[in-house]
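Colleague: Please find the sequence and the predicted model below.
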Amino acid sequence: MKFVVTAGPTREPIDPVRFLSNRSSGKMGYAIAAAVLEGNHDVVLISGPVNLAPPANAKWVNVITSDDMHEAVHEAVRD
């Protein structure tokens with residue numbers, strides 16, 4: 001079975017040096033992805049900017065903005 005997991009914050013640029021974001025650490029999403037992998041399932045982990053290493057064997061997709069996240073989720077679900 002294939003799972004699509006999202007994790008971490010997104011950053012919405014205001015100008016070249018400032019952005020709006022949230023305080024998500026991504027820890028819950030990364031833990032869910034790791035647990036799914038332990039069950040021998042396929043995982044697509046779509047993540048905003050975090051200070052975590054993606055679990056081994058997960059397909060990791062890095063995103064920045066909510067539009068990036070939206071596009072990545074729809075692409076992963078389509079596959």
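Modeller: Looks like it arrived, so ask away. Numbers count the residues shown, from 1 in each chain.

Colleague: which residues of the chain fall in strands?
Modeller: 2-7, 12-13, 19-20, 42-47, 59-62 (DSSP state E).

Colleague: As TSV, the ones you listed with distance to Val77, mean neighbour count and mean pLDDT would be great.
Modeller: Glycine gets a C-beta too; all of them are placed from N, C-alpha and C. Below are these laid out as TSV (distance: least, C-beta to C-beta, whole Å; neighbours: other C-beta atoms under 10 Å; pLDDT from 0 to 100):
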stretch	distance to Val77	mean neighbour count	mean pLDDT
strand 2-7	6	19	97
strand 12-13	23	12	98
strand 19-20	26	12	97
strand 42-47	9	22	98
strand 59-62	12	16	97
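
Colleague: Let me know which of those strands is the nearest to Ile32.
Modeller: Nearest of these to Ile32, taken as C-beta to C-beta: strand 2-7 at 5.3 Å.

Colleague: Tell me which other helices or strands that closest one touches.
Modeller: Applying 3 or more C-beta pairs under 8 Å, 6 or more residues apart in numbering; DSSP states H and E, one finds that strand 2-7 makes contact with helix 27-38, strand 42-47, helix 66-78.

Colleague: In its sheet, which strands sit next to it, and in what direction?
Modeller: Partner strands and pairing direction for strand 2-7 (DSSP bridges) are strand 42-47 (parallel).

Colleague: How about residues contacting the strand it pairs with?
Modeller: 1-8, 26, 29-30, 33, 36-37, 54-55, 57-63, 69, 72-73, 76 (C-beta atoms under 8 Å, 6 or more residues apart in numbering).

Colleague: and it with helix 66-78, angle?
Modeller: Angle, strand 42-47 to helix 66-78, by axes from the mean of the first three to the mean of the last three C-alpha atoms, to 10 degrees: 170 degrees.
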